[in-house]
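> Could you work out the structure for the sequence below:
(4 chains, ligands or ions: 4)
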Amino acid sequence: MSPKKLSLPTMNDWVAALIREHRVFGPQAKGDRFAYDLLGCAADLRLDHDVTILPPRKYLMPPTEVLITFTRSGKFESVMEGEPLVLFGVHPYDVAAIAQMDRYFTQDHADSHYLARRKKVTIVACDVQSASENVFAACMGTATVPDGFDVLLTLVGETYVVESRTAAGDALLALAGVLEDADAVSLGRREQLWMDAQKLLRRQNLRCRVEDLPGLLDRSYEHPAWRQKSELCFSCGSCVMVCPSCFCFDVQDEVGWDLVSGERRRQWDGCLLTQFACVAGGHNFRRLREERYRHRFYRKGKYLHDRCGFVACVGCGRCAAACTSGIASPVALYNSLLEDQ
Amino acid sequence: MTAEALICSDRDLYLPQPATVVSKTVLTATETLFEIRLDSGEELKHMPGQFVEVTVPGVGEAPISVSSSPDRKDGFELVVRRAGRVTSAMHDRRCGEKLGIRGPFGTHYPVDGVMRGRDIVFIAGGIGLAPLRSAIHWVLNHRQDYGKVTVLYGTKSPAERLFLDELSDWSCRPDVTFMETVDRADANWKGNVGVITKLIPTAGIDAARTVVAACGPPIMYKFVIVSLYAIDVMDESIYVSLERRMKCGIGKCGHCQINGLYACTDGPVFNHADILRVQEAI
Amino acid sequence: MAKPRVAIFDFACCEGCQLQIINMEEAILDLLNVVQPVEWREAISDHSDEYDIALVEGSITRPEDEERLKDIRRRAKILVALGACATTGGVNKLKNHINSDELKRCVYGAAAAMPHLDTSPTRSLREIVKVDVEVHGCPMSTREFVNVVRCLATGTTPVTPNYPVCVECKMRETICRYEYNEVCLGIITRAGCDAPCPAGGQWCFGCRGLVDDPNVNAANDIMAKYGRTADDLRRRMELFNSTEARPCPRQ
Amino acid sequence: MPKTIDIDVHHVTRIEGHGNIRIQAVDGKVNKVEWQVPEAPRFFEAMLRGRSWQEVQTVVSRICGICSFAHSLAAIKAVESALGIEISEQTDRLRMLAFGGEQLESHILHIGYLVAPDLVGVSSVVSLVKSHPEVVAAVIRAHRLGNEWMELLGGRRTHPVSFRPGGFGKLPKESELKELTGRLEQIVPDLSLIAQTVAALASRLPAFDRPTEYVALVEPGVYTFYHGMIGSTDAPERLPVDRFEQVANEYLSPQSTAKWTRWHRDSYAVGALARFNLNHSHLHPLATRTGTMLGLKPPCCNPYMNSVAQVVEAVEVVEAGMEQIDALLTCGIKSEAPRKPKLQAGSGVGAVEAPRGTLFHKYAFDGNGICTTANICIPTNQNHANIQKDFEAMLPIVIDRDETEIRLLLEMLVRAYDPCVSCSTH
Ligand SMILES: Cc1cc2nc3c(=O)[nH]c(=O)nc-3n(C[C@H](O)[C@H](O)[C@H](O)COP(=O)(O)OP(=O)(O)OC[C@H]3O[C@@H](n4cnc5c(N)ncnc54)[C@H](O)[C@@H]3O)c2cc1C
Ligand code: SF4
Ligand code: SF4
Ligand code: SF4
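Ligands and ions are numbered 1, 2, ... in the order given. Modelled structure (predicted):
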């Protein structure tokens, strides 16, 4: 569908209509920060958010989810969770991260639990209106995204330009009523805005290109930065929990009160946590903080790249904000590796 | 949703198949042999060196190598060491009780590939004999397809030796060279004493014709590789099986990563040439 | 399988952990289907010396209590420590830094010399007897308790997290207390509580004890970044982790 | 035949903490009547010295798991008074509202789990599950509501985390308060069922009157749990709470590790019955009707009736809670950060009506906000001597009865006070 124009009042009505028809999750204020939550009314939606504490990943792969139910006598059943929902106001870098997740969970072996949720999600993306202090999406090529969404919203001055790319997007947009085509001026301003985003979303600056990262890491395995920085690491996992492109998980069984039936759940796990690579008997394949700390950057910057073709970082800067020690920022780390090249 | 790549497979790879413990044989103080049959009546269809994820419902899952040969059609065998929650719970299961099985997963020893027609040296350390046994049985069942067959086995003490009947069978067979050693002998032990690497120079290995299949603890590999180099075995001719913490078995959970490799899908059986420069491997 | 016989005992504590059992509400009925309580002073009037599982709350502060605990240990097949007082000594350990005469004088004034007020340094159960399972927290987490009971009833060992509280704060999307320049012990404290304190607008004071490998040096080092001192950290740790707080590394 | 009895209840069951009953009579002559408190002292007042003003409530909350909201709130009030922190009206209202949750939870726990078995003649609530399933279900529902109410306002059920000196660490949402008020309305039938059941069984409560001094906070026009001055049934004048030490006159008895108190007489009582006796005229309508239905008439000097007064109060806090939520929603919940103190040397007292009676906290701080002295006076401290006096008065009356019956009467008497023994020995 060609790009349309959406005035602010129409936008408001559209959101209200969406809320009536669908379960719509969007960024809302949470204290001094922002978080995705179920929208009760259009006024709660904060499209001017800089970044949310957690990425929308929590709707595609919740902190804990049931995989199967079982009985101790040996019956197993799949549980496919996931109800239709609309993610509204997703920033481009998060759209890019969802595309990475799609790739990760379908490559080689398709993860039917992820897909069960993913297929029911409609994404209304929104170009960034205010940048967070840690953001470097422009360095990672995710300041704007060409696809990966159903609808894209861009605020140009006093109106939104809205563009649907899929049938699901068209259906959502139909609730806005009849819309005018976006005029050339608005479209021009949108182009300009996309160009500006390359500056706006570069609050931190990576001193090399994304494509150079795997090679940089190839040369840096023994770099002293790993040890130096990881001395401050708590193995607290905050950096990986908040990351839109971290997907590791743990699996645990729990029986119910009948002591016969139960559920097997997966929950977020992270390679920074002490026990992540620990096996029965106590041997830990990444015993040292520096090994765990280094692994995270390698997994993101090289291993997943070699496997799936993307650097598993979209430059949202959430990890940098979440790390109490201030050592999790990929930009700072890569730049310090670059210094000694 | 846009990506056409999101083809949904209806198969839930996390769903175990119900299976039954057919028999249990105590091998040592900590290891027990389980004979297991899928309730569907289907074959497991594994290759030697592959593993299954075994569920004890309510306790969890653990990756366990299949210890029987694919030739065996009525069920399969697992050797389980009591190590933690799941493995202990397995030991507590009685015959007739239910387990869940996913898999087989992972790579296997190339018994159907480069090993054919070559001399084969099996090097097993401790419970490493369990996965290798699958390959040994296969090779002995198809003896004519392979050259000279050597089995080297090392354990910490005589009490930890597995499959005593089979060991003595192998040592009697004219078409198998079987040698073993223990780190520490006891009063009744008459055989070799010392680390397994000692056996390598005396086993009469013709490096050029040989493929080595090894399985044992990480520390064993370090020394075995050095000894194999000493008799000019090439990296490409060495296969090792690596163990890591695992949750999914299908390359999603992230736990078993060995640098960029996954022990579950790229392994557990690796060609040594492929992991030479993988820092976390050995 | 016969229901395990369970006895519940308490030593010096606030009895808040026993309350968490009652706070299971409807699920108490489920609990009673799974175990048979044979002694539980706070809730039932029965008494028994024969039990399989002893659930013990509270810290040990008197010689006679130490004897009673050892007796419980002798009788029980499985001994479970409930809550911070039992697992770390809890706040009760704050008194270990004060000499006992002064303690008594401070609280009882002129009556301080009376013999029935005697006290010895607070100890956790683990410091006296072998403890099979620990349910951490002040108060203990009901969810974790439920899991422990079900595991014991099915003969498996419960798993306790060994990662910091931060993980659970992130899962709940709680704003980090360090953003308010507050000293939060979540970075070194064992998770498993679901991080109610930061979510409720308070720092974590470490009631679940520290993780196995806490990076206390790093915690000291980052204090300055938040306008705090290593002493602030140490003092906060004293509340529930008195032993680990003193002597503080790098002082 | 002259009677010889020897009662030794080592740890009375179904109460919080450890208490013993020791009675000896030889040939009809009573030579020992003792309510003993062997609880291990934890020395909170000493442990608090040197702690920061920010930590006081975290520490003292651990005095008692069952009335941790009372301790937290009393401590915060004392800290605020010592450090001159003025709080907003919203903060005050929200705290009062939160406190209602604890009254409900604690009272229902006591009536439903600890006292009810005596009224029915069984050893625990476990047996009631079969004999009185609907009532037990109602008890659990009311208890759960009390807990969820506390969790909403205090951040969790035991040892609240959202209360901070100066305000709230986390505020409830208006939608959550609306939901709560709906649930309070829905719980009324359950409370009525509980009240009717108690009414039907109330005849089992011994008729034992002993003229007693009752002490509670009083506030004009309000059935108060949270504000007010100290009042007594023995004297018309009201004392400000910072003079509580003149009321309690704490002393130590050799039979107790907890301190005992006395004011106008040898002993006095605090708790639900004391509040009812002093403040009954300010009860909300449904609570008043519940009192009448239960046959509770002021002044009532039967200690066994304390449990009945708790039923009345359970209804009262629900009614008052709905009113408080109304007032809060009318103004709307404004986001506000906890107010900061100006650190200065000073001391302050905080008092609240804990479920079991008047609770006093007093702290002094140095100029850095470090606590220099602490004094905490707990409701059960104030009831111990009265329990002893009740024993002494009651024994001659019942001495002819069967030993098991005497024992049960005394145990029931102790339970009626809903004592929080470990709390009193803090
Ligand atoms: C490819 C492969 C083949 C294996 N084959 C055998 C075999 O034939 N016989 C045998 O006895 N053991 C084998 N193991 C080791 C076995 O998987 C572990 O001993 C077992 O997982 C321990 O689980 P637990 O629940 O008893 O221990 P816990 O310490 O309670 O572990 C909890 C969970 O962590 C994970 N975990 C812990 N240790 C390991 C580990 N060493 N490897 C992988 N995951 C682990 C599992 O998911 C396990 O359920 C194999 C491991 C791998 C990776
Ligand atoms: S890098 Fe920072 S956020 Fe990540 S585990 Fe270490 S301390 Fe925690
Ligand atoms: S690594 Fe950090 S910056 Fe990169 S995507 Fe993850 S959270 Fe964002
Ligand atoms: S957040 Fe910290 S203080 Fe709070 S319950 Fe958890 S461990 Fe205890």
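> Spatially nearest residue to residue C:83, not counting backbone neighbours?
residue C:17 (3.6 Å; CB to CB, 6 or more residues apart in numbering or on different chains). (Glycine included, C-beta is placed from N, CA and C.)
> mean confidence for the helix or strand where residue D:396 lies?
Using DSSP states H and E, residue D:396 falls within helix D:379-398. Helix D:379-398 carries an average pLDDT of 95.
> Tell me how far residue C:139 lies from residue D:42.
Distance, residue C:139 to residue D:42, by CB to CB, to the nearest Å: 16 Å.
> by how many degrees do whichever helix or strand comes after the helix holding residue D:396 and helix D:379-398 diverge?
Helices and strands here follow DSSP H and E; after helix D:379-398, the next one along the chain is helix D:403-416. Between helix D:403-416 and helix D:379-398, the angle comes out at 150 degrees (axes from the mean of the first three to the mean of the last three CA atoms, to 10 degrees).
> List the buried residues for helix D:403-416?
By 16 or more other CB atoms under 10 Å in any protein chain shown, the buried positions in helix D:403-416 come out as D:406, D:407, D:408, D:409, D:410, D:411, D:412, D:413, D:414, D:415, D:416.
> Can you tell me which of these is nearest ligand 1?
Closest approach to ligand 1 among the buried residues of helix D:403-416 (CB to the nearest ligand atom): residue D:415, at 45.5 Å.
> for that closest one, what are its contacts?
D:12, D:14, D:15, D:114, D:115, D:118, D:307 (CB atoms under 8 Å, 6 or more residues apart in numbering or on different chains).
> so where do the helices sit in the stretch 1-150 of chain D?
Remark: helices assigned in the stretch 1-150 of chain D by DSSP state H, counting those that start in this stretch are D:44-48, D:56-61, D:68-83, D:89-108, D:116-120, D:125-131, D:133-154.
> Those helices into JSON lines, with extra columns for distance to chain B and mean neighbour count?
What follows is the helices of the stretch 1-150 of chain D, written out as JSON lines (distance: least, CB to the nearest CB, whole Å; neighbours: other CB atoms under 10 Å in any protein chain shown):
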{"stretch": "helix D:44-48", "distance to chain B": "39", "mean neighbour count": "24"}
{"stretch": "helix D:56-61", "distance to chain B": "35", "mean neighbour count": "26"}
{"stretch": "helix D:68-83", "distance to chain B": "35", "mean neighbour count": "27"}
{"stretch": "helix D:89-108", "distance to chain B": "34", "mean neighbour count": "24"}
{"stretch": "helix D:116-120", "distance to chain B": "35", "mean neighbour count": "21"}
{"stretch": "helix D:125-131", "distance to chain B": "27", "mean neighbour count": "16"}
{"stretch": "helix D:133-154", "distance to chain B": "28", "mean neighbour count": "22"}
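> and the ones you listed as JSON lines, adding mean pLDDT and distance to residue D:289?
JSON lines is the format used below for the helices of the stretch 1-150 of chain D (pLDDT from 0 to 100; distance: least, CB to CB, whole Å):
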{"stretch": "helix D:44-48", "mean pLDDT": "95", "distance to residue D:289": "41"}
{"stretch": "helix D:56-61", "mean pLDDT": "96", "distance to residue D:289": "35"}
{"stretch": "helix D:68-83", "mean pLDDT": "97", "distance to residue D:289": "27"}
{"stretch": "helix D:89-108", "mean pLDDT": "97", "distance to residue D:289": "17"}
{"stretch": "helix D:116-120", "mean pLDDT": "88", "distance to residue D:289": "21"}
{"stretch": "helix D:125-131", "mean pLDDT": "87", "distance to residue D:289": "26"}
{"stretch": "helix D:133-154", "mean pLDDT": "96", "distance to residue D:289": "18"}
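> Ligand 4 is nearest to which of those helices?
Closest of those to ligand 4 is helix D:56-61, at 8.6 Å (criterion: CB to the nearest ligand atom).
> Show me the domain layout of chain B.
Using automatic domain parsing, the domains assigned to chain B come out as B:14-105, B:119-241.
> would you turn those domains into a markdown table with mean neighbour count, distance to residue A:132 and mean pLDDT?
Listed next are the domains of chain B as a markdown table, based on neighbours: other CB atoms under 10 Å in any protein chain shown; distance: least, CB to CB, whole Å; pLDDT from 0 to 100:
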| stretch | mean neighbour count | distance to residue A:132 | mean pLDDT |
| --- | --- | --- | --- |
| domain B:14-105 | 20 | 36 | 96 |
| domain B:119-241 | 18 | 43 | 95 |
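> how about these, which one is nearest ligand 1?
domain B:14-105 (2.0 Å).
> Secondary structure element for residue B:54, which one?
Here residue B:54 sits within strand B:51-56, counting by DSSP H and E.
> Now for residue D:292, how many residues are close by?
Residue D:292 has 11 neighbours, counted by other CB atoms under 10 Å in any protein chain shown.
> Can you give me the distance of it to residue D:142?
21 Å.
> Please apply the same query to residue D:337.
Using CB to CB, one obtains 34 Å as the distance from residue D:337 to residue D:142.
> Contacts only, for the residue nearest the centre of chain C.
The residue lying closest to the centre of chain C (CA atoms, centre = their mean) is residue C:84, at 0.9 Å. Residue C:84 makes contact with C:90, C:91, C:136, C:137, C:138, C:140, C:207, C:208, C:209, C:240 under the criterion CB under 8 Å, 6+ apart.
> Check residue A:288 too.
Per CB under 8 Å, 6+ apart, neighbours of residue A:288: residue A:230.
> if we can go back for a sec, CSV please, covering the buried residues of helix D:403-416 and showing pLDDT and distance to residue D:346.
Shown next, in CSV, are the buried residues of helix D:403-416 (pLDDT from 0 to 100; distance: CB to CB, whole Å):
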residue, pLDDT, distance to residue D:346
D:406, 94, 51
D:407, 93, 50
D:408, 93, 50
D:409, 94, 48
D:410, 95, 45
D:411, 93, 45
D:412, 93, 45
D:413, 95, 42
D:414, 95, 39
D:415, 93, 41
D:416, 94, 40
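> which among those residues gets closest to chain C?
Closest to chain C out of the buried residues of helix D:403-416 is residue D:411 (8.5 Å), distances taken as CB to the nearest CB.
> which residues of chain A fall in strands?
For chain A, strands defined by DSSP state E occupy the ranges A:4-7, A:24-30, A:33-38, A:64-71, A:76-78, A:85-90, A:121-126, A:151-156, A:159-164, A:249-255, A:261-268.
> can the third one be found next to chain C?
Yes: where contact is defined by CB under 8 Å from any CB of the partner chain, part of strand A:33-38 touches chain C, namely A:33, A:35.
> hmm, back to that, may I have the phi/psi pair for the residue nearest to residue C:83?
Main-chain dihedrals, residue C:17, degrees, to the nearest 10: phi -70, psi -40.
> which ones are touching it?
Contacts of residue C:17 (CB under 8 Å, 6+ apart): C:57, C:82, C:83, C:85, C:86, C:135, C:139, C:140, D:65.
> who wins for neighbours among these?
For the contacts of residue C:17, neighbours tallied by other CB under 10 Å; top is residue C:85, 35 neighbours.
> one step back: the residue nearest to the centre of chain C belongs to a strand?
No: under DSSP: H, G, I helix; E, B strand; the rest coil, residue C:84 falls outside any strand and is assigned helix.
> hang on, the earlier thing: in the helix holding residue D:396, what counts as buried?
Of the residues in helix D:379-398, those buried (16+ other CB under 10 Å) are D:379-391, D:394-395.
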